[in-house]
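**Q** Based on what follows, work out the 3D shape:
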Amino acid sequence: MHGQLTVQWGPLREPKLLAVLLTRPRHRFTADELLSWLWTDDEALPRNLHQTLQTKATRLRQALHRAGNPAILPRADRGYRIEVDKNVIDYHAFQLHVSNARALSAEGRHREVVGRLERALSLWADEPLAELDSEPAREWRRTVQDNDLLPANVLLLDAELKLGRLHDALHRLDDLQRQHGDDVDLAVRRLRVLHGLCRFEEADEYYLRTRRRLDRAAADELRRCQDALLAGRDRVAPAERVMVAAHESPPPPRLLPHDLPGFAGREDVLTELDRATGVADEIRPGVVVVSGLGGVGKTVTVVHWAHRVADRFPDGVLFADLRGFSADRPMADAELVDLFLTALRSPMEHVTRPNERAEKLRARLTGRRTLVVLDNAASTQHVQSVLPLLAGCVVVVTSRHWLTGLNRFPRVVLRPMVDEAARELLAARIGERAEREPAALAELARLCAGVPLALTLVADQAVRSGAPLAQLARRLRDPETLLGIGDDGDGVDTSLRAVFSLSYHALELADARLFRLLGLHPGAEFGVAAAAALAGEPMSTVERRVATLASAHLLEQPGEVDRYRMHDLLFAYAAALAADHDEGSRARTRLLNFYLHTAHTAHRTVFPHRQVPPMPDRVPDTPVLSFTDEREAARWCLRERASLVAAARHAARNGHHDYAWRLPHTIIDLLKRHGYYSDGRAALEVAVSSAVRDHQPSAEAASLNDLGHLSLTMGDTDASIGYFLRALRLAKEIGDRVGLLTASLNIGRWQRQLGQLDAAIATYRECAEMAEELCDHDRRASAAHRLGEVFVDAGRYPLAEEQFLRALRIREQIGDLSGRVETLGELAALSRELGHPLRARKHCEQAKALLEQIQGVGAGMRTYLVLAELELDEQRTTTAEQHAEEALYRARRAGSATDVAQVLVVLGTISRARGEADVARDRWLRARDIFAGHHRLDDAKRMSERIAALEVAQPMIPNARTPSARDTTQLGPRTG
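**A** You can find the predicted model right below:
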């Protein structure tokens with residue numbers, strides 16, 4: 001069924017049953033009919049025929065379902081039938097093609113008849129029902145061969161005779177007459193072919209030999225044919241006979257470059273070309289556009305495809321390199337016309353005017369099944385005037401440009417190869433050395449970024465040098481070296497740099513300038529606003545320019561309308577171009593100014609109550625984005641996350657330290673809220689280093705504080721105290737009271753982490769007084785919240801509730817949504833601890849409502865964990881597990897290992913309540929290991945005790961409140 005069924009059947013009769021049913025779709029076969037089809041006379045019959053058939057039908061249904069096949073085998077009481085569209089069965093599709101061919105033949109469209117019948121006969125892969133030897137099967141085979149296959153071949157022979165393809169017809173007759181030697185229709189066609197080729201002696205001998213074997217009626221028919229042919233032969237003069245023999249049509253043109261040996265990959269593109277041109281079904285004259293960046297393999301792929309399908313185009317294949325992107329002059333229309341007329345062996349001596357030659361080409365190709373490849377077009381205009389001359393052909397146009405003017409035609413876009421295909425291409429060209437160095441091979445493939453030209457050049461370099469692949473990979477990490485491979489001084493520069501330069505130099509000057517400046521961006525992906533900052537031009541102007549670059553396949557869009565990405569190798573080329581121009585410093589400053597001021601705007605939109613460092617002045621001709629609400633601001637910051645972190649590094653490398661330490665402070669709060677802790681730490685490390693180089697001790701202290709806070713959240717207690725103490729010392733030296741307050745808050749958090757509760761309480765009380773004096777409401781709320789957490793750890797619940805409520809009031813006043821979620825989570829946990837489940841649920845619902853607004857992942861962990869514990873208290877283990885899984889996702893997303901451990905404690909408790917001791921043990925073991933790895937030794941010890949208790953405890957659904965995560969960690973408080 002069109003190759004759709006790929007089940008491995010084995011020696012069973014299921015495929016035979018399927019074959020019989022497919023001979024007559026939707027026809028009900030009785031059990032007796034199937035018996036006669038499936039079992040020969042000398043085979044033992046099954047004891048229970050109906051049971052055997054039902055079993056085989058069931059297996060067949062399962063096989064069809066597994067294969068995803070459209071055929072359905074309904075259940076029936078009195079027989080078996082298959083429901084399937086006839087056209088997906090090769091035999092019935094063959095019949096449809098033949099029927100259409102007969103209609104075309106009646107209209108005199110013989111070239112189309114040949115194509116349709118060749119397609120039909122290609123479906124006849126083997127002898128039908130070859131696996132069945134029963135009498136009904138043999139009779140069915142005889143019928144379809146006599147009534148379907150042979151008449152289709154005769155119809156094809158007649159079409160070939162009409163077209164003068166006598167040699168093709170003779171070869172076909174040779175094959176057919178081996179099996180049907182006495183068929184008079186075939187004998188008549190052979191006589192006609194031999195006479196047409198002026199092989200008269202052979203024709204006479206064949207006639208005499210064959211007539212003796214035929215019966216009277218067939219012999220009379222053959223005699224009448226021979227007499228008619230002899231009469232026609234007598235009317236042709238001897239000289240004319242020579243001309244007739246010489247008039248055999250010239251072979252069709254095959255104007256194609258050589259196929260690439262060992263071509264690999266691109267099966268998706270080849271399939272898409274088959275579909276777009278109709279090769280996969282019925283060839284349709286028309287145009288297909290193939291586009292992609294330079295070096296991506298457009299020409300090689302299309303040429304390989306053309307070689308693969310050339311036999312589907314009996315009137316030939318034409319190819320022209322239009323030189324649209326070349327050091328030579330682009331091919332003109334007149335040159336193309338002459339090239340094709342010459343290939344078609346069409347005399348041009350007496351046709352001198354270009355328009356007459358063009359008309360001759362159009363007439364020569366009309367009604368012919370010809371494939372035309374127009375390679376390397378510069379633009380739509382380059383091919384616009386020649387396409388009407390090729391109206392009856394299948395035309396494939398390749399270009400580095402999108403060719404917007406041809407948007408009405410199907411399009412195939414070649415993109416860089418995926419990693420696996422790239423490695424396979426490299427390995428095929430390098431040979432056995434690739435197997436010995438798989439890691440180096442993978443790195444070479446990564447450096448080439450999927451561009452086939454780069455892969456080919458690198459493979460050739462590896463073969464030529466014979467050096468270890470790892471050594472070659474180290475050398476090619478330098479982008480300049482990689483771009484230059486292929487320029488070996490033999491006069492033809494085939495390097496990537498040369499290929500890319502053809503696209504670059506084809507651009508208008510302003511577009512080329514933007515392409516060059518994009519090489520200064522800290523990453524290959526960017527928004528239009530960042531491009532406008534680099535160019536120092538209005539966004540509306542830059543939008544047009546980036547669209548032009550995208551049309552030239554120098555940029556691609558990763559899925560959003562205002563974002564673009566440059567391929568890694570093109571990015572390296574653009575960066576090299578930018579290094580040779582003197583406007584880089586100004587463009588880089590504009591870009592950093594854009595990112596800093598826009599990130600600052602986003603921070604103020606999301607966290608209006610929090611302070612950030614003072615901003616430098618805006619640079620002229622630099623855009624700054626604004627945001628309508630918190631979600632839009634957060635979305636921009638997270639989307640640009642990689643660029644913002646890279647911009648901080650970029651600024652530090654290029655000496656813009658005032659930007660390098662400021663940028664991290666505008667994005668760190670959003671990064672922490674959404675769990676991008678690693679990115680936040682990388683940015684803050686840059687901030688600390690650049691603050692030192694910029695001689696900004698206050699900024700250095702603030703960066704150290706934030707870095708320590710993040711390290712503590714991530715469970716790195718040793719590193720965190722080092723950062724806090726350095727920040728504290730700096731703040732004291734310069735008299736920075738805000739810095740002193742921040743460092744003290746963080747030290748209190750570290751003290752609590754180590755279980756030094758009295759010291760933490762004293763520290764937080766000092767912080768609360770200091771924040772009151774400074775009127776710093778954000779830190780007042782933080783001090784109250786942290787103090788509440790320590791009181792909970794100490795079992796002083798009334799004082800804890802008092803502090804949490806104070807923190808909640810302040811955070812409501814200053815609009816701190818994420819802070820409110822954090823405090824509500826702690827109030828919920830405390831309410832549950834005190835035996836107030838309704839109050840706990842109320843706090844959780846309030847927190848969940850706020851979570852929908854801020855879309856954060858870190859703070860919500862506590863809320864969902866308390867909800868899980870509340871459900872477990874009510875013996876609802878299913879919903880408890882759902883809430884706990886959500887808490888686990890948020891803890892992992894936030895990057896807090898100790899939070900993950902707390903959730904695992906609750907998940908283990910849920911498993912134990914269900915009687916799943918092994919699952920509980922596994923979860924508690926993982927929690928214990930996390931606690932131990934983060935120096936939470938008391939917590940780890942308590943988990944070991946729980947695990948040991950599993951050996952003697954009886955599984956049960958608890959009637960009272962279950963132990964909470966807080967019970968496990970009361971002496972070793974959570975981070976966060």
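
**Q** Okay, now the unreliable bits of the stretch 851-976 of the chain?
**A** Counting by pLDDT under 70, the ranges of the stretch 851-976 of the chain that qualify are 855-859, 895, 951-976.

**Q** meant to ask about the stretch 51-200 of the chain
**A** Using pLDDT under 70, the flagged stretches of the stretch 51-200 of the chain are 60-78, 84-88, 125-126.

**Q** Going by residue numbers, what spans are strands in it?
**A** Along the stretch 51-200 of the chain, no segments are classed as strands by DSSP state E, counting those that start in this stretch.

**Q** and if you look at the stretch 851-976 of the chain?
**A** Going by DSSP E, counting those that start in this stretch, the stretch 851-976 of the chain shows no strands.

**Q** Helices along that one, start to end?
**A** Taking DSSP state H, counting those that start in this stretch, the helices of the stretch 851-976 of the chain run over residues 860-873, 877-894, 897-913, 917-933, 937-949, 965-969.

**Q** Just name the shakiest helix or strand of the protein by mean pLDDT.
**A** Ranking every helix and strand in the chain by mean pLDDT, DSSP states H and E puts helix 238-246 at the bottom, with a mean of 40.

**Q** for the record, mean pLDDT for stretch 651-661?
**A** Average pLDDT, stretch 651-661: 95.

**Q** chain center to that stretch, what's the gap?
**A** 36 Å (Cα atoms, centre = their mean, to the nearest Å).

**Q** Stretch 404-413 now?
**A** 21 Å.

**Q** Alpha carbons of that stretch, in CSV - could you do that?
**A** The C-alpha atoms that make up stretch 404-413 are tabulated as CSV, following Å, rounded to 0.1, in the frame of the first residue of the first chain:
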residue,chain,number,x,y,z
THR,A,404,10.1,37.6,-3.2
GLY,A,405,8.8,38.2,-6.7
LEU,A,406,8.4,34.4,-7.1
ASN,A,407,6.4,33.9,-3.9
ARG,A,408,3.5,32.5,-5.9
PHE,A,409,5.6,29.4,-6.6
PRO,A,410,6.4,26.5,-4.2
ARG,A,411,9.6,27.1,-2.2
VAL,A,412,12.2,24.9,-0.6
VAL,A,413,14.5,26.5,2.0
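
**Q** Report the rounded mean pLDDT for that stretch.
**A** The average pLDDT within stretch 404-413 is 92.

**Q** okay, the helices of the stretch 851-976 of the chain in JSON lines with mean neighbour count next?
**A** (Each C-beta comes from the backbone N, C-alpha and C, glycine too.) Listed next are those as JSON lines, based on neighbours: other Cβ atoms under 10 Å:
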{"stretch": "helix 860-873", "mean neighbour count": "27"}
{"stretch": "helix 877-894", "mean neighbour count": "20"}
{"stretch": "helix 897-913", "mean neighbour count": "25"}
{"stretch": "helix 917-933", "mean neighbour count": "19"}
{"stretch": "helix 937-949", "mean neighbour count": "17"}
{"stretch": "helix 965-969", "mean neighbour count": "22"}
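
**Q** Export these to TSV and append columns for distance to H709.
**A** Listed next are these as TSV, based on distance: least, Cβ to Cβ, whole Å:
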stretch	distance to H709
helix 860-873	17
helix 877-894	14
helix 897-913	15
helix 917-933	20
helix 937-949	21
helix 965-969	20
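
**Q** Which one, of those helices, ends up nearest to W37?
**A** helix 877-894 (53.6 Å; Cβ to Cβ).

**Q** Confirm for me that V302 is in contact with D375.
**A** Yes - contact criterion Cβ atoms under 8 Å: V302 and D375 qualify, at 7.0 Å.

**Q** what does the domain assignment say about the chain?
**A** Split into domains by automatic domain parsing, the chain comes to 14-84, 89-163, 164-249, 267-413, 419-477, 508-581, 587-756, 816-969.

**Q** any chance you could map the strands in the stretch 451-600 of the chain?
**A** Under DSSP E, counting those that start in this stretch, the stretch 451-600 of the chain gives strands at 525-527, 563-565.

**Q** can you list contacts of the first one?
**A** Okay, so that is strand 525-527. Residues outside strand 525-527 that contact it (Cβ atoms under 8 Å, 6 or more residues apart in numbering): L518, P558, D562, R563, Y564, R565, M566, R639, E640, A642, S643.

**Q** what does the last one give?
**A** Counting contacts by Cβ under 8 Å, 6+ apart, the residues outside strand 563-565 that touch it are 524-528, 531, 546, 549-550, 555-558, 639.

**Q** swap in stretch 138-158?
**A** With contact meaning Cβ under 8 Å, 6+ apart, stretch 138-158 is reached by 23, 91, 94-95, 98, 101-102, 105, 113-114, 117-118, 120-121, 124, 127-129, 169, 172-173, 176, 180, 183, 185-186, 189.

**Q** Then stretch 386-395?
**A** With Cβ under 8 Å, 6+ apart as the criterion, stretch 386-395 contacts 277-278, 283-288, 313, 333, 336-337, 358, 361-362, 365-374.

**Q** Let's see which of those end up in helices.
**A** Among the contacts of stretch 386-395, the ones falling in helices (DSSP state H) are T277, D333, L336, V337, A358, L361, R362, L365.

**Q** any idea how far the last one lies from D580?
**A** Going from L365 to D580 by Cβ to Cβ, to the nearest Å gives 48 Å.

**Q** And those two? Which one has more around it.
**A** L365 (23 against 8; other Cβ atoms under 10 Å).

**Q** Can you give me every residue that contacts the more buried one?
**A** L344, L389, L390, G392, C393.

**Q** pLDDT at it, what is it?
**A** For L365, the model assigns a pLDDT of 87.

**Q** State the distance from it to L150.
**A** Relative to L150, and taking Cβ to Cβ, L365 is found at 34 Å.

**Q** ok, back up a step: higher neighbour count, V302 and D375?
**A** The neighbour comparison of V302 against D375 (other Cβ under 10 Å) goes to V302, with 25 against 21.

**Q** tell me the helices in the stretch 551-700 of the chain, going along the chain?
**A** Ranges of helices within the stretch 551-700 of the chain are 568-579, 584-606, 630-639, 641-653, 657-673, 677-693, 697-713, based on DSSP H, counting those that start in this stretch.

**Q** want to try JSON lines for those helices, with distance to R141 and mean neighbour count as columns?
**A** Output for the helices of the stretch 551-700 of the chain, formatted as JSON lines (distance: least, Cβ to Cβ, whole Å; neighbours: other Cβ atoms under 10 Å):
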{"stretch": "helix 568-579", "distance to R141": "58", "mean neighbour count": "21"}
{"stretch": "helix 584-606", "distance to R141": "75", "mean neighbour count": "22"}
{"stretch": "helix 630-639", "distance to R141": "65", "mean neighbour count": "18"}
{"stretch": "helix 641-653", "distance to R141": "65", "mean neighbour count": "22"}
{"stretch": "helix 657-673", "distance to R141": "72", "mean neighbour count": "25"}
{"stretch": "helix 677-693", "distance to R141": "69", "mean neighbour count": "21"}
{"stretch": "helix 697-713", "distance to R141": "77", "mean neighbour count": "25"}
